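A.B. asks: 3D, please:
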Amino acid sequence: MTHPFIESYAPNSHVSAEPKALNNGLPKKRVGIIGGGTAGATIAIRLAALGLETYVFEKKKSLIDGPPMCHLHSGGNLYREIPDEDCIDLLKQCIDIARLYPHTVDVRPTVFAVPKRDDDSPEDLFPRLDKLVKAYSELVEQDTANKVLGEAEHYYQLYSREQMLKLAKQKQVAKPTLLDEWMIPVAKHLDLDKLKFPLIVAQEYGWNIFRLSASAQLALAEYEHAHVLTNTCVKSVSPVTNNKIDKQITKWNIEYQTQASLEAKNVEVDYLINACGFQTGIIDDLVGVDVKRMVEFKASYITHWQGAGGQIPEIIIYGNRGTPEGMAQLTPYPNGYFQIHGMTNDITLFNDGLADATPMSAQPKLPDKYLHYIKDGWDKTALQARNQTAIDYVAEFVPAFKSANTQNNALFGGQQIPGDDDTLRVADVSLYSHISYARAENVKASSTLIAADQIVSEFIKLGIISSDPAVNHHRSSHQWSYLKHNSCENIGEVARILAGERGFPIDMAELNNSL
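C.D. replies: Residues are numbered from 1 along each chain as shown. Below is the predicted model of the structure:
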């Protein structure tokens, strides 16, 4: 028996009947989405659920195979440089996206620690955290189903040095449930002498990219009118109808080629959505849209460490981005695997890894070596060196982590940044109504459902879909079709296939604790 995920690699292989009369008698429209990352896949799910004929073009073998992610970024607590309002927006977005992809979230706390070398203090974060508690409480009051991050009054808690010293003497629990139990291994392994107190522990959960990919693929398999074309390269886009007087474009032709065929094919769509991630500017150039943006090459590293003694929270050590003392981030996966970010130019960031668009092109040009890494894989020598540097960086604060082993892969890629602010964390979509074109620009993956909502609003305005509120009921209630037919176990099965295909340990497709 062929696994349903393998079947869904082929276009038009879907399992359930098309929703009836979602467009209230309007002729069904075709939408082309170029790029099958988190943005493209999420937008496709949203539009397919509305009954639109949806085409997703993705050059890789599977959806959502891009740059590193590690957690939901609920509230954006990590980024001291961004406004509180953006943090609240990120909180709302992560709750929303968790309800679309509930089987992708790893329920475990995150520890935030300010090192003594840092100029700021833990207390500086308290006003922001209190605002987040208030915002989360209000969201739960509006809809109890929004309580995906636990109880609002426990959103964050503080631990003094004295509390940590007491916990360090306690026996570690194999499967922690209470917060104190989660903090025992932290107390045992973190170098408390290098930190300011109190430590901040937040209900900020993990987000698994392999399970996210599996969820999106299974969600789109629900709709016979959702066409997922993976292993497919878009060769060109060109206007089909163009009113020269007002420069109105109402249809686009997409020329594409699959890996299995030498013959180019075409599909005509009523609306074109650019969700190409760091290569968004290539399509902007073809369409003729001038826009300012940056692209940044970033990486995180996979290690294996058996010294934690069991499950452990994510650990964040604050620092100034891009300096030799940038933020360190240790993200746990099951069975001793860890993902490391170090926001220095020797680990996650790169001295020459940030590129700007030019007056000649909307596509920033990364150095060729990074494009080569993205396309063909990382040079093993360079990967090994950075991976070891990442281990050493974490070991400064978690000394026992020095014994961690490097792995032969990393989560890396290009990240688009709209405009010219490299601290931007909240962005969604740009709309060009007169040419039937939209561009998704999501710095954080949690923003993708909001981007899809904006496109739906645009479609209502343009008459592509009905304005009947019943059309959007599934969205407001988060009644996504695939969740009725797929369990956490089903999604885990597909996620394990994906992890193996991408060269990662199978354990990284698992969750320590599910929602």
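
A.B. asks: SS state for Arg108?
C.D. replies: Here Arg108 is coil, with the state taken from DSSP: H, G, I helix; E, B strand; the rest coil.

A.B. asks: thought it was touching Trp182?
C.D. replies: Yes - taking CB atoms under 8 Å as the definition, Arg108 is a contact partner of Trp182 at 6.9 Å. Where C-beta positions appear, they are placed from N, C-alpha and C, glycine not excepted.

A.B. asks: quickly list what's touching both of these two.
C.D. replies: 311, 313 (CB atoms under 8 Å, 6 or more residues apart in numbering).

A.B. asks: would you mind identifying the next helix or strand past the helix or strand hosting Asp130?
C.D. replies: Secondary-structure assignment from DSSP states H and E places Asp130 in helix 126-142. Next along the chain after helix 126-142, taking DSSP H and E as the criterion, comes strand 156-159.

A.B. asks: ok, now which ones touch the residue nearest the centre of the chain?
C.D. replies: By CA atoms, centre = their mean, the mean C-alpha position of the chain lies nearest to Ala445, the distance being 3.3 Å. Contacts for Ala445 (CB under 8 Å, 6+ apart) come out as 38-39, 69, 97, 207, 212.

A.B. asks: can you redo those as a markdown table with pLDDT?
C.D. replies: Supplementary listing: the contacts of Ala445 in a markdown table, determined by pLDDT from 0 to 100:
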| residue | pLDDT |
| --- | --- |
| Thr38 | 94 |
| Ala39 | 94 |
| Met69 | 81 |
| Ile97 | 94 |
| Trp207 | 95 |
| Leu212 | 97 |
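
A.B. asks: between these, which is nearest Val456?
C.D. replies: Ala39 (14.1 Å; CB to CB).

A.B. asks: quick one: neighbours of that closest one, just the number.
C.D. replies: The local packing of Ala39 (other CB atoms under 10 Å) involves 31 other residues.

A.B. asks: for the helix or strand containing Asp89, packing partners?
C.D. replies: In the assignment (DSSP H and E), Asp89 maps to helix 84-100. For helix 84-100, the elements it packs on are helix 38-48, helix 126-142, helix 448-462, judged by 3 or more CB pairs under 8 Å, 6 or more residues apart in numbering; DSSP states H and E.

A.B. asks: now do 10 Å
C.D. replies: Under the contact criterion of 3 or more CB pairs under 10 Å, 6 or more residues apart in numbering; DSSP states H and E, the helices and strands touching helix 84-100 comprise helix 38-48, strand 105-106, helix 126-142, strand 206-207, helix 209-220, helix 448-462, helix 473-477, helix 481-485.

A.B. asks: for these, give me TSV that also has distance to Ala495.
C.D. replies: Compiled in TSV, the helices and strands packed on helix 84-100 are given as follows (distance: least, CB to CB, whole Å):
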stretch	distance to Ala495
helix 38-48	14
strand 105-106	12
helix 126-142	28
strand 206-207	12
helix 209-220	4
helix 448-462	19
helix 473-477	24
helix 481-485	14
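
A.B. asks: which one of the ones you listed lies nearest to Arg502?
C.D. replies: The closest of the helices and strands packed on helix 84-100 to Arg502 is helix 209-220. By CB to CB, the value is 7.7 Å.

A.B. asks: returning to what we had before: send the alpha carbons of the helix holding Asp130 over as PDB?
C.D. replies: As requested, C-alpha coordinates have been extracted for helix 126-142 and formatted as PDB (Å, rounded to 0.1, in the frame of the first residue of the first chain):
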ATOM      1  CA  PHE A 126       8.500  42.500  33.200                       C
ATOM      2  CA  PRO A 127       6.400  45.300  31.700                       C
ATOM      3  CA  ARG A 128       6.300  43.600  28.300                       C
ATOM      4  CA  LEU A 129       5.500  40.200  29.800                       C
ATOM      5  CA  ASP A 130       2.600  41.700  31.900                       C
ATOM      6  CA  LYS A 131       1.200  43.200  28.700                       C
ATOM      7  CA  LEU A 132       1.400  39.800  27.100                       C
ATOM      8  CA  VAL A 133      -0.400  38.200  30.000                       C
ATOM      9  CA  LYS A 134      -3.200  40.800  29.700                       C
ATOM     10  CA  ALA A 135      -3.500  40.300  25.900                       C
ATOM     11  CA  TYR A 136      -3.500  36.500  26.300                       C
ATOM     12  CA  SER A 137      -6.200  36.700  28.900                       C
ATOM     13  CA  GLU A 138      -8.400  38.800  26.700                       C
ATOM     14  CA  LEU A 139      -8.000  36.400  23.800                       C
ATOM     15  CA  VAL A 140      -9.000  33.500  26.000                       C
ATOM     16  CA  GLU A 141     -12.000  35.500  27.200                       C
ATOM     17  CA  GLN A 142     -13.000  36.000  23.600                       C
END
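
A.B. asks: C-terminal to the worst-scoring helix or strand of the chain on mean pLDDT, what's the next element?
C.D. replies: Among the helical and strand segments of the chain, the one scoring lowest on mean pLDDT, DSSP states H and E is helix 4-7, with a mean of 37. On the C-terminal side of helix 4-7, the nearest following helix or strand under DSSP H and E is strand 30-34.

A.B. asks: and that next one, which strands flank it?
C.D. replies: strand 53-57 (parallel), strand 271-274 (parallel) (DSSP bridges).

A.B. asks: deepest in the core, which of the ones you listed is it.
C.D. replies: strand 271-274 (a mean of 26; mean count of other CB atoms under 10 Å).

A.B. asks: follow-up on the earlier one: out of the helices and strands packed on helix 84-100, which comes closest to Asp284?
C.D. replies: Taking CB to CB, helix 38-48 is the member of the helices and strands packed on helix 84-100 nearest to Asp284, at 14.8 Å.

A.B. asks: distance from that closest one to the middle of the chain?
C.D. replies: Relative to its chain's centre, helix 38-48 lies at 13 Å (CA atoms, centre = their mean, to the nearest Å).

A.B. asks: can you check what angle separates it from helix 209-220?
C.D. replies: In this structure, helix 38-48 runs at an angle of 20 degrees to helix 209-220, with axes from the mean of the first three to the mean of the last three CA atoms, to 10 degrees as the basis.

A.B. asks: buried set for the helix holding Asp130?
C.D. replies: Buried residues in helix 126-142, counting neighbours by 16 or more other CB atoms under 10 Å, are found at 128-129, 131-133, 135-136, 139-140.

A.B. asks: Ile312: which of the contacts of Ala445 is nearest?
C.D. replies: Taking CB to CB as the measure, Ile312 lies nearest Trp207 of those, at 17.1 Å.

A.B. asks: quick check, that closest one in contact with Cys70.
C.D. replies: Yes - under the criterion of CB atoms under 10 Å, Trp207 lies in contact with Cys70, with a separation of 6.8 Å.

A.B. asks: list the contacts for Leu52?
C.D. replies: Contacts here follow CB atoms under 10 Å, 6 or more residues apart in numbering; on that basis Leu52 touches 22-23, 28-31, 44, 46, 223, 225-226, 270-271, 456, 459, 464-465.
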